[in-house]
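Q: all I have is the shape, not the residue letters:
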C-alpha cells in the first residue's frame with residue numbers, strides 16, 4: 001500500500017501544448033532566427049524538446065551559441081505565466097486519492113510557481129519543490145530522497161508519477177521506487193517502469209495494493 005504520491009508538473013498535471021505558443025512564443029522566434037536558416041529540423045526539434053525539458057539541457061544538447069543561451073535564459077528567468085490554465089480532466093482522479101502528495105518539477109522557480117498558481121493546485125500538495133538548475137545542482141533524485149528521509153517513507157510506500165522516462169521516472173527507478181509513466185499519446189514502450197498507461201484510472205487501485 002502506498003502512503004505518498006510524488007508528481008511531476010509539466011505534461012503530467014496539464015498539457016504544455018496548451019500554453020506553449022503563448023509562453024514560449026518569443027523564445028521560439030529567437031531560436032528560429034538563430035538556428036532556423038542553418039538547420040530548420042534542429043530548430044523544430046529543439047522547440048519541441050523545450051515543452052518537456054529544462055531550457056539549459058536543451059540548449060546544451062542542440063549546441064546553442066553562448067549568446068542564444070544567454071538570451072533565452074534572460075527571457076525565461078523572470079518569466080511568469082498569468083493566463084488561465086487547466087489541468088488534464090483526469091487529474092481529478094489523483095486529487096481524490098486521500099494520501100500525501102508532493103509536487104516535484106524542474107524549471108525556473110518563478111515560472112513554475114506561476115503555473116501552480118494559475119492551475120490552482122497548491123492546496124493539493126503537502127509540499128512543492130522546484131528543481132531549478134540555475135539555483136542548485138540538486139536533482140529530482142535528491143529531492144525524492146529528501147522527501148522520504150524527512151517524512152519517514154520507505155521506497156515501497158512511494159509512487160512517482162510522471163511523463164518523462166529520462167527525468168522523474170529514471171530518478172525514481174534509480175532509488176528503487178515504483179513508477180507510473182503517464183503516456184497519453186502512446187509515445188513510449190514500457191521503458192522498464194512499474195506501471196505505464198494512457199490515463200490515471202488505475203491509480204487508486206495501485207495505491208491500495
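A: In hand now; what should we look at? Remember, it's a predicted structure, so these values are computed and weren't measured experimentally.
Q: ends of stretch 96-108, how far apart?
A: End-to-end distance for stretch 96-108, by CA to CA, to the nearest Å: 29 Å.
Q: do the same with stretch 127-138
A: 17 Å.
Q: same question, stretch 194-201
A: One end of stretch 194-201 sits 15 Å from the other (CA to CA).
Q: list the buried residues of the lowest-mean-pLDDT helix or strand in the chain.
A: Ranking every helix and strand in the chain by mean pLDDT, DSSP states H and E puts helix 40-50 at the bottom, with a mean of 87. Neighbour counts using 16 or more other CB atoms under 10 Å place 43, 46-47, 49-50 of helix 40-50 among the buried residues. Placement of C-beta: from N, CA and C, glycine included.
Q: and the following helix or strand past it, how far out from the chain middle?
A: Note on helix 40-50: by DSSP states H and E, the next helix or strand toward the C-terminus is helix 55-61. Relative to the chain's own centre, helix 55-61 is displaced by 15 Å; criterion: CA atoms, centre = their mean, to the nearest Å.
Q: can you list contacts of the longest strand seen in the chain?
A: Longest strand in the chain by number of residues (criterion: DSSP state E): strand 100-106. With CB atoms under 8 Å, 6 or more residues apart in numbering as the test, strand 100-106 has contacts from 3-10, 13, 53-54, 94, 112, 116, 121, 124-133, 140, 143-144, 147, 151, 167-168.
Q: let's see it at 6 Å
A: Outside of strand 100-106, the residues within contact range by CB atoms under 6 Å, 6 or more residues apart in numbering are 4-7, 9, 54, 112, 124-131, 140, 143, 147.
Q: now stretch 20-32
A: Applying CB under 6 Å, 6+ apart, the contact partners of stretch 20-32 are 43, 46-47, 51, 72, 75, 81, 83.
Q: stretch 83-90 too?
A: Residues contacting stretch 83-90 (CB under 6 Å, 6+ apart): 13-14, 22, 118-119, 199-200.
Q: how about that stretch: buried residues?
A: Residues of stretch 83-90 classed as buried: 85, 87-88 (neighbour count, 16+ other CB under 10 Å).
Q: and for stretch 22-30?
A: 23-24, 27-28, 30.
Q: same question for stretch 125-138.
A: Neighbour count says stretch 125-138 has 125, 128-132 buried, by 16+ other CB under 10 Å.
Q: strands along the chain, start to end?
A: 4-7, 100-106, 127-131, 158-162, 178-182, 195-197.
Q: rounded mean pLDDT for the shortest one, please.
A: Computed over strand 195-197, the mean pLDDT rounds to 96.
Q: got the contact list for that strand?
A: In contact with strand 195-197 (CB under 6 Å, 6+ apart) are residues 180-181, 190.
Q: now with 10 Å, please.
A: For strand 195-197, contacts defined as CB atoms under 10 Å, 6 or more residues apart in numbering pick out 159, 161, 165, 169, 178-184, 186, 188-190, 202-203, 206.
Q: okay then, goodbye and thanks.
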